[in-house]
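I would like to see how this sequence folds:
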Amino acid sequence: MQEIDLATGSPVAEARIRVSDLEKLREVLECGSDIPLSGSWHLDQEDLQRLGAISNPPCDPDSKLNRIESWHPIRETPYLVHTNFELPSMLEGRKPLAVFHDAYPTEWLTETIERFDPFVRCGRLTCCIIDTPFTEAEQARFRGFQGWRRAFFSLPGEEWRVDAFLLLSEVTARTGWSGALERMEGSLLGYEDWQNDWWIERGARRVQGKHSSGK
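Numbers count the residues shown, from 1 in each chain. All right, here's what the predicted structure looks like:
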């Protein structure tokens, strides 16, 4: 369960609950059996109490919690992964750079940029948006889209990280991905050395075990 801050539209707190009876969970969420229990749902105070009653063990959820989403293994990481926490982390000065990338126009990317805009306008963050046209092959594949859009948000004085990230992308295109580039990307985004160590070591184990996932 999460508390979503109305000012930023981002999670600012989380609490984990375990629900074994999925049918009771569907009743609380008013989710039919044909709908996967993935994604997120808004919660009101009655929902919170009903969820607390069916959780294992039962609990009394904080009244500030207003959304629930399905569990993801990324939360087992021993530090806060920035995904979905970019804006509050930047406003707290804990994250110097956030990068979002997708084909455009895309609803989620437009909404993300709009959430950052008020803080760019007041000078708390800086913004750089770079659009790249599709290749001919990409135009045929991504019909209805105009090209690639990258949105960079940085703390004032940290704008150099945008140029460094772009250089990193160029190097990756020429040489392929590597642990050294993974470390550089993590550092540019604001992860500490020990966090990069943990992530890269975990990635090496995934390769050895023939598994893969994204960061």
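
Low-confidence stretches in this protein?
Counting by pLDDT under 70, the ranges of the chain that qualify are 204-215.

leaving aside the residues next to it on the chain, what's closest to the residue nearest to the spatial centre of the chain?
Note on the chain: the residue nearest the mean C-alpha position is Thr83, at 2.2 Å, using C-alpha atoms, centre = their mean. Spatially, and ignoring its direct neighbours in sequence, Thr83 is nearest to Ile74 (7.3 Å; C-beta to C-beta, 6 or more residues apart in numbering). In short, each C-beta sits where N, CA and C put it, glycine included.

Next: Phe142.
Closest residue to Phe142 apart from its sequence neighbours, by C-beta to C-beta, 6+ apart: Ala103 at 5.2 Å.

so that neighbour, which of the three states?
strand (DSSP: H, G, I helix; E, B strand; the rest coil).

And for Trp41?
With three-state DSSP as the basis, the three-state label of Trp41 is strand.

Just list the residues touching it, thanks.
By C-beta atoms under 8 Å, 6 or more residues apart in numbering, the contact set of Trp41 is Leu29, Cys31, Arg67, Ile68, Glu69.

before we move on, what about Leu155?
Contacts of Leu155 (C-beta under 8 Å, 6+ apart): Met90, Gly93, Lys95, Pro96, Leu97, Leu125, Thr126.

Just give the number of residues close to the nearest residue to the fifth one once chain neighbours are set aside.
This means Leu97. Leaving aside its chain neighbours, Leu97 sits nearest to Arg161 (4.3 Å; criterion: C-beta to C-beta, 6+ apart). If you count neighbours by other C-beta atoms under 10 Å, Arg161 ends up with 21.

ditto for Phe85
Phe85 has 19 neighbours, counted by other C-beta under 10 Å.

Measure how far whichever strand or helix holds Glu138 is from the centre of its chain, please.
Using DSSP states H and E, the element containing Glu138 is helix 136-141. From the chain centre to the centre of helix 136-141 is a distance of 27 Å (C-alpha atoms, centre = their mean, to the nearest Å).

Tell me the first helix or strand C-terminal of it.
Next along from helix 136-141, by DSSP H and E: strand 147-154.

The very next helix or strand once past that next one - contacts with which helices or strands?
Per DSSP H and E, the first helix or strand lying C-terminal to strand 147-154 is helix 160-175. For helix 160-175, the packing partners by 3 or more C-beta pairs under 8 Å, 6 or more residues apart in numbering; DSSP states H and E come out as strand 97-104, strand 147-154, helix 179-189.

And the contacts of stretch 94-103?
For stretch 94-103, using C-beta under 8 Å, 6+ apart, the contacting residues are 82, 86-87, 89-90, 108-109, 112-113, 116, 142, 145-155, 158, 161-162, 165, 188-190.

hmm, try it at 7 Å
Outside stretch 94-103, the residues within contact range by C-beta atoms under 7 Å, 6 or more residues apart in numbering are 82, 86, 89-90, 109, 112, 142, 145, 148-155, 158, 161, 165, 188-190.

Only whichever of the residues you listed are buried, select them in PyMOL.
The following PyMOL line selects those of the contacts of stretch 94-103 that are buried, judged by 16 or more other C-beta atoms under 10 Å:
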select buried, resi 82+86+89+90+109+112+145+148+149+150+151+152+153+154+155+158+161+165+188+189+190
